[in-house]
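> I'd like to go over a predicted model; first the sequence, then the structure.
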Amino acid sequence: MAAEVDDRFGLGWRPQLAAGILANLDSIDIVEVIADDYFDAGSKHQRALATLAAQVPIGLHGIGMGLASTCRPDQKRIDAMARLVEKIQPESWSEHLAFVRAGEIEIGHLAAAPRNAGTVDSTAANLERAAKTIGGIPLMENIATLIDPPGSPLDEPQWIAGVAAASGCGLLLDLQNVFANCMNFGTDPFAFLDRIPLHRVATVHLAGGVWMDNGQLLDDHLHDVPDQVHALLRHLAMRVSQPLTVVLERDGNYPKMSDLLAQLDHARQAVRDGRRLAAA
């Protein structure tokens, strides 16, 4: 399999990186845009996004829908995503396997739902509701958590597999989140990958984090991708046959664009190495 042809590599769109991304579209296969930033944006900003979508493939990534919940998602957010999808015509949209509110109380961050049969069913039902309005089921991303959610007879790989089976969704696999959760809870990240439905993985997130004073690994998107995450990417590429879209996320402490492009090249090499190991 020719990884250079089938696999794609891109960056998360951030205003601070815009000039560098636009100047290097020959090295960037896809751009991932935070959808929520454009829900209430004026027509000028949405036209600019549509112009970008005409130059490079776009993926829309939601952060506030809270689909992994026993509560129904906010219909206004679903409608806003539907309008943006219709206007931009992205190649995909995605959300998180997380809840962000209980009732009308916003908690302000992505939180891990209790991993049980009830949340598997309710998450699948919420995905179906969203898909009916937006026109397609989202890719769903595993999240990083510093707290093992109570009421969880299922572990994270079992729960992810259950949601995917119940909903039919594809996966956006965040390898930094896999690495962070496994380090923080004493499990093997390679075994984690081997226990989830890898054939459903369409997109991969790469990012970096920082070790805190309490010994936990914080997923902060402010640091370079560590070697351990590239090793997980190589393992993933060795285990799957479908093309992968790999997106590097950076939310601050921005390095030079040349450094980010070098990290994309590192990711390309990891995928090539995985594909060659599989072929051998």
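Yep, it's here.
> drop to CA atoms for contacts and neighbour counts, all remaining ones
Noted.
> Endpoint to endpoint, stretch 96-112 covers what distance?
End-to-end distance for stretch 96-112, by Cα to Cα, to the nearest Å: 10 Å.
> who touches it?
The contact list for stretch 96-112, computed with Cα atoms under 8 Å, 6 or more residues apart in numbering, reads 62-69, 71, 113, 140-143, 145, 148-149.
> show me where the chain has helices.
Remark: helices assigned in the chain by DSSP state H are 3-6, 18-22, 43-55, 75-88, 117-134, 156-167, 175-185, 189-194, 227-239, 257-279.
> what about the chain, any weak spots by pLDDT?
1-5, 103 (pLDDT under 70).
> list the contacts for F39?
80-81, 84.
> which among the contacts of stretch 96-112 end up buried?
For these, a burial check counting by 16 or more other Cα atoms under 10 Å picks out 62-69, 71, 113, 140-143, 145, 148.
> Take those residues and keep only those in strands.
Of the buried ones among the contacts of stretch 96-112, the ones assigned to strands by DSSP state E are 140-141.
> Of the buried ones among the contacts of stretch 96-112, which is the nearest to K132?
Comparing those against K132 with Cα to Cα picks out L67 as the nearest, at 13.8 Å.
> tally of neighbours for R129?
17 (other Cα atoms under 10 Å).
> do you know how far it is from A202?
Distance from R129 to A202, by Cα to Cα: 22 Å.
> wait, K87 sits on T51?
No. Between K87 and T51 there is no contact under Cα atoms under 8 Å: 10.9 Å.
> follow-up on the earlier one: which one of the helices of the chain lies closest to V210?
The closest of the helices of the chain to V210 is helix 175-185. By Cα to Cα, the value is 9.5 Å.
> Packing partners of that closest one?
helix 189-194, strand 201-206, strand 217-219, helix 227-239 (3 or more Cα pairs under 8 Å, 6 or more residues apart in numbering; DSSP states H and E).
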